[in-house]
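1. below: sequence and its predicted model.
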Amino acid sequence: MSRIGRVERTTKETSVLVEIDLDGTGRTDISTGVGFYDHMLDQLGRHGLFDLTVKTDGDLHIDTHHTIEDTALALGAAFRQALGDKVGIYRFGNCTVPLDESLAQVTVDLSGRPYLVHTEPAGMAPMIGSYDTTMTRHILESFVAQAQIALHVHVPYGRNAHHIVECQFKALARALRYACERDVRAAGILPSTKGAL
């Protein structure tokens, strides 16, 4: 059974289309108008082995905030849709990823309950091209709210803003990949003693 989520979200500020296949090969087609964000979403697809299409047309004449936020909301909703009933998945995933001097540690629980813990080094450069580095946390908040997952992201050290953000997306991709994968020993079993996720 395919695990594909597709969400179209249109407001006065943005028009977003997201499609994700959790059982893909890492093929991506990303276009948000924010170059570095495209690069990060590409990392998410490639390292998560998710086939990911993102097409966002936003009010970039104002700034990048609405474009980035609304894309993250749609991505979270599509991810949740693709997960389906969650029967037979591992549910939990974690990954630690270095990128030169930076390190990201990510742990995820596909719990049905949105919660984010996020830490990264203070004093990071404020911009990477047109990407406001304070948006990384907001992307994760928005994704978590719609995906309804618990997510812990910790960057204990790093100097280069590009590296600090990128290792978070790579580690997130891997942690989500591991959590989504089907556990052959748990076929037909929901990974919860409550009987609901």
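-> All right, it came through fine. Since we're looking at a predicted model, the values are computed, not measured.
2. show the average pLDDT along stretch 15-23.
-> Here stretch 15-23 scores 98 as its mean pLDDT.
3. buried ones in that stretch?
-> Residues 16-22 are the ones in stretch 15-23 that count as buried (16 or more other CB atoms under 10 Å). C-betas here are computed from N, CA, C, even on glycine.
4. again with stretch 113-125
-> Neighbour-count burial for stretch 113-125 flags 114, 116, 118, 120, 124 (criterion: 16+ other CB under 10 Å).
5. pLDDT averaged over that stretch - what is it?
-> 97.
6. quick one: distance of it to the chain centre.
-> Its chain's C-alpha centre and that of stretch 113-125 lie 14 Å apart, by CA atoms, centre = their mean, to the nearest Å.
7. quick one: contacts of it?
-> With CB atoms under 8 Å, 6 or more residues apart in numbering as the test, stretch 113-125 has contacts from 133, 136-137, 140-141, 144-145, 147-159, 161, 164, 168.
8. ok, so of the buried residues of stretch 15-23, who is nearest Val54?
-> Val18 (5.3 Å; CB to CB).
9. does that closest one belong to a helix, a strand or coil?
-> Under DSSP: H, G, I helix; E, B strand; the rest coil, Val18 falls in the strand class.
10. surely it meets Ala78?
-> Yes. Assessed by CB atoms under 8 Å, Val18 is found in contact with Ala78 at 4.5 Å.
11. so what's in contact with those two at the same time?
-> The contact lists of Val18 and Ala78 share 5-7, where a contact means CB under 8 Å, 6+ apart.
12. can you tell me the closest non-neighbouring residue to Lys55?
-> Nearest non-adjacent residue to Lys55, counting by CB to CB, 6 or more residues apart in numbering: Leu17, 4.5 Å away.
13. mind listing the residues bridging to that neighbour?
-> Glu8, Lys55 (DSSP bridges).
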